[in-house]
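**Student:** Whatever this is, show me its structure:
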Amino acid sequence: YGDYPMLPNKSHHERDPWYQWDQPDMRHNWGEPMHWDFDMYIRNRVDTSPTVVPWHTMRNHFLIFLGTMLIMFGVGEIYPSYRPV
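**Tutor:** Next up is the predicted model:
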């Protein structure tokens with residue numbers, strides 16, 4: 001980084017949307033230092049704000065859904081159903 005400040009890795013989602021920014025679409029003021037990877041943290045890219053549901057709960061729900069779908073596909077292979085003619 002040299003003499004450039006090492007800014008935190010926070011997306012623009014975490015900035016106050018009601019503040020009167022100089023550049024409201026970027027939520028950035030004139031003269032404010034920009035992150036080295038600012039293009040990665042703009043509002044339509046990475047969102048680093050905290051999630052409402054913890055990651056382990058989301059993972060468990062996904063695995064339960066995936067397991068249920070695999071079981072249902074397996075049951076469908078064992079007991080196929082055909083359309084009546």
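
**Student:** Every contact and neighbour count from this point should use C-alpha atoms.
**Tutor:** Will do.

**Student:** list the buried ones in stretch 13-28?
**Tutor:** Under the neighbour-count criterion of 16 or more other C-alpha atoms under 10 Å, stretch 13-28 has 13, 27, 28 buried.

**Student:** Pipe the residues you listed into JSON lines and attach secondary structure per row.
**Tutor:** Output for the buried residues of stretch 13-28, formatted as JSON lines (DSSP: H, G, I helix; E, B strand; the rest coil):
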{"residue": "13", "secondary structure": "helix"}
{"residue": "27", "secondary structure": "coil"}
{"residue": "28", "secondary structure": "strand"}
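
**Student:** mind putting the residues you listed in a markdown table, distance to residue 57 and pLDDT included?
**Tutor:** Below are the buried residues of stretch 13-28 laid out as a markdown table (distance: C-alpha to C-alpha, whole Å; pLDDT from 0 to 100):
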| residue | distance to residue 57 | pLDDT |
| --- | --- | --- |
| 13 | 23 | 83 |
| 27 | 32 | 86 |
| 28 | 34 | 87 |
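
**Student:** which of those residues lies closest to residue 53?
**Tutor:** Closest approach to residue 53 among these (C-alpha to C-alpha): residue 13, at 17.3 Å.

**Student:** Quick one, grab the pLDDT at residue 1.
**Tutor:** According to the prediction, residue 1 has pLDDT 66.

**Student:** meant to ask about residue 20
**Tutor:** The per-residue pLDDT reported for residue 20 equals 94.

**Student:** That one: which element?
**Tutor:** Using DSSP states H and E, residue 20 sits within no helix or strand.

**Student:** if I look at it, how far off is residue 27?
**Tutor:** As judged by C-alpha to C-alpha, to the nearest Å, residue 20 and residue 27 stand 9 Å apart.

**Student:** Identify each buried residue in stretch 50-62, please.
**Tutor:** Going through stretch 50-62 with 16+ other C-alpha under 10 Å, nothing comes out buried.

**Student:** residues making contact with it?
**Tutor:** Outside stretch 50-62, not one residue touches it by C-alpha atoms under 8 Å, 6 or more residues apart in numbering.

**Student:** and that stretch, what's its mean pLDDT?
**Tutor:** Per-residue scores along stretch 50-62 average to 92.
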